[in-house]
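Colleague: With the sequence up front, the predicted model follows.
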Amino acid sequence: DTGVSQNPRHKITKRGQNVTFRCDPISEHNRLYWYRQTLGQGPEFLTYFQNEAQLEKSRLLSDRFSAERPKGSFSTLEIQRTEQGDSAMYLCASSFQGPSTDTQYFGPGTRLTVL
Amino acid sequence: AQRVTQPEKLLSVFKGAPVELKCNYSYSGSPELFWYVQYSRQRLQLLLRHISRESIKGFTADLNKGETSFHLKKPFAQEEDSAMYYCALLMNRDDKIIFGKGTRLHILP
């Protein structure tokens, strides 16, 4: 197991286009988290899954954003009608249990640039 | 409102000197705090959590509820400590983590 993987690593798109990112967590990790990180900021929580159930969504996640984890394994994050303000690093993390008892392992991130 | 504040964007310290990275938090519940680190070209990773009360790579952090602080300390800085450090707060009710903006630690030779 090579850890959490994310694809693509970089994505450049034009404003108004849709983009989809994928996250493959560490095997058997029940929890999967999505964060967004902009320049000069720490990661900001977007949403998380316990198996296939999406348990929490941040107010940052407008209705242009949708995340899925259909079989409780990999997850996708889709942004529709991208805007320049969506340009950021999108991070995925996974853990076996919640952060109080277990460590979140982060992926390398997907850097999105919206032109 | 829940908040994590790291007042320093950049901290430069000479090798061998003590290091203290400041972190203050605001949270009405019972806080759980973490320090995460990101070395150059590496992933964000957990450095330590306050409930473990352990020392990792010579770093320690004590939760001070009176001062609402969780400063990260190391008595003697090493060049390999140069990295971005993020303080983070677990909001137990929601089981999600809030990160500070981070402090870049630069160890001078």
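Modeller: On my side now, so go ahead. These figures come from a predicted structure and were not determined experimentally.
Colleague: distance between the longest strand along chain B and the chain's centre?
Modeller: For chain B, the strand with the greatest residue count under DSSP state E is strand B:83-91. Relative to its chain's centre, strand B:83-91 lies at 5 Å (CA atoms, centre = their mean, to the nearest Å).
Colleague: secondary structure element for residue 28?
Modeller: Since no chain was named, I'll use chain A. Assigned by DSSP states H and E, residue A:28 falls within no helix or strand.
Colleague: beta partners for residue A:6?
Modeller: Per DSSP bridges, the residues bridged to residue A:6 are residue A:23.
Colleague: Chain A contacts on chain B?
Modeller: Within chain B, the positions near chain A by CB under 8 Å from any CB of the partner chain are B:4, B:9, B:32, B:34, B:43-46, B:51, B:86, B:88, B:90, B:92, B:94-102. To be clear about C-beta, it is placed using only N, CA and C from the backbone, and glycine gets the same treatment.
Colleague: From the residues you listed, list just the buried residues.
Modeller: By the neighbour-count criterion of 16 or more other CB atoms under 10 Å in any protein chain shown, the residues of chain B next to chain A include these buried positions: B:4, B:32, B:34, B:43-44, B:46, B:86, B:88, B:90, B:95-100, B:102.
Colleague: just checking, what packs against the helix or strand just after the longest strand of chain B?
Modeller: Next helix or strand after strand B:83-91 toward the C-terminus (DSSP H and E): strand B:96-99. Counting by 3 or more CB pairs under 8 Å, 6 or more residues apart in numbering or on different chains; DSSP states H and E, the packing neighbours recorded for strand B:96-99 are strand A:44-50, strand B:3-5, strand B:83-91.
Colleague: sorry, back to before: let me know the angle separating the longest strand of chain B from strand A:44-50.
Modeller: Calculated by axes from the mean of the first three to the mean of the last three CA atoms, to 10 degrees, strand B:83-91 forms an angle of 60 degrees with strand A:44-50.
Colleague: element containing the residue sitting nearest the centre point of chain A?
Modeller: When CA atoms, centre = their mean is applied to chain A, the residue found nearest the centroid is residue A:34 (3.2 Å). Take DSSP H and E as the rule and residue A:34 turns out to sit in strand A:31-37.
Colleague: in its sheet, what does that strand sit against?
Modeller: Strand pairing for strand A:31-37, determined by DSSP bridges: strand A:44-50 (antiparallel), strand A:88-95 (antiparallel).
Colleague: would JSON lines of those with mean neighbour count be doable?
Modeller: Listed next are those as JSON lines, based on neighbours: other CB atoms under 10 Å in any protein chain shown:
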{"stretch": "strand A:44-50", "mean neighbour count": "21"}
{"stretch": "strand A:88-95", "mean neighbour count": "23"}
